[in-house]
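Just to be clear, the model below is a prediction. Sequence and coordinates:
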Amino acid sequence: MGGNAEVLTMAFFRLSSEIENGGATFDRFGIALKDSLGRARAEGEVLLEFHDRISQIGDASTRSAILIEQFGARTGRQLIELFSQSREALEAYLKRAEELDGAQHLLHELVGASEGFK
């Protein structure tokens, strides 16, 4: 999961930037980056909706080109594998990545606290 976690981090970074800049490139897929109250939607939610929209495109090379255009050459190419999976598999992966991120933050806090006892 390590390499894919880095890919998701970059994808979320680009999504956050896109959300902050108004999200014009997601408009063409009918994806709203803000909810009905004008608040930014969660990156994972947007990523799943984007997955749903481009998975409807029958041509794999077109899907790949869209990912590269949206997320940049390196991250886009790395997302191709994740986006070839089902929505359920991607949801499970996102949940697991979130859990690992939380565990990593907790570990850093514990290590920091233990250094105070030296």
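Great, that's in hand. Given the structure is predicted, the values throughout are model-derived calculations rather than measurements.

Okay, now the unreliable bits of the chain?
1-4, 102-118 (pLDDT under 70).

cutoff 90 now
1-28, 33-35, 38-44, 46, 58, 70-71, 78, 81-82, 89-118 (pLDDT under 90).

and Arg63, what does it touch?
Arg63 makes contacts with 54-55, 57, 80, 83, as judged by Cβ atoms under 8 Å, 6 or more residues apart in numbering. To be clear about C-beta, it is placed using only N, CA and C from the backbone, and glycine gets the same treatment.

now, the most widely separated pair of the residues you listed?
The two members of the contacts of Arg63 with the most space between them (Cβ to Cβ) are Ile57 and Ile80, at 12.7 Å.

For ChimeraX, write the select line for the buried members of the contacts of Arg63.
Selection of buried members from those for ChimeraX, criterion 16 or more other Cβ atoms under 10 Å:
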select :54,83
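
Now for His51, how many residues are close by?
21 (other Cβ atoms under 10 Å).

measure it to Glu81 for me?
12 Å (Cβ to Cβ, to the nearest Å).

The residue nearest to Phe83 when sequence neighbours are not counted: helix or strand, and which one exactly?
With Cβ to Cβ, 6 or more residues apart in numbering as the criterion, Phe83 has its nearest non-adjacent residue at 5.6 Å, and that residue is His51. Element membership of His51 [criterion: DSSP states H and E] is helix 43-55.

OK, contacts around the residue nearest to Phe12 when sequence neighbours are not counted?
In this structure, Phe12 finds its nearest non-sequential neighbour in Glu43, 4.4 Å apart by Cβ to Cβ, 6+ apart. Residues near Glu43 by Cβ under 8 Å, 6+ apart: 11-12, 15-16, 19.

Leu94: neighbour count?
Using other Cβ under 10 Å, Leu94 is surrounded by 19 other residues.

same deal with Thr25?
Counted with other Cβ under 10 Å, the neighbours of Thr25 add up to 14.

Please report how far the closest residue to Ile57 other than its chain neighbours lies from Arg53.
Using Cβ to Cβ, 6+ apart and skipping the chain neighbours, the partner closest in space to Ile57 is Arg63 (5.2 Å). Note on Arg63: its distance to Arg53, by Cβ to Cβ, is 10 Å.
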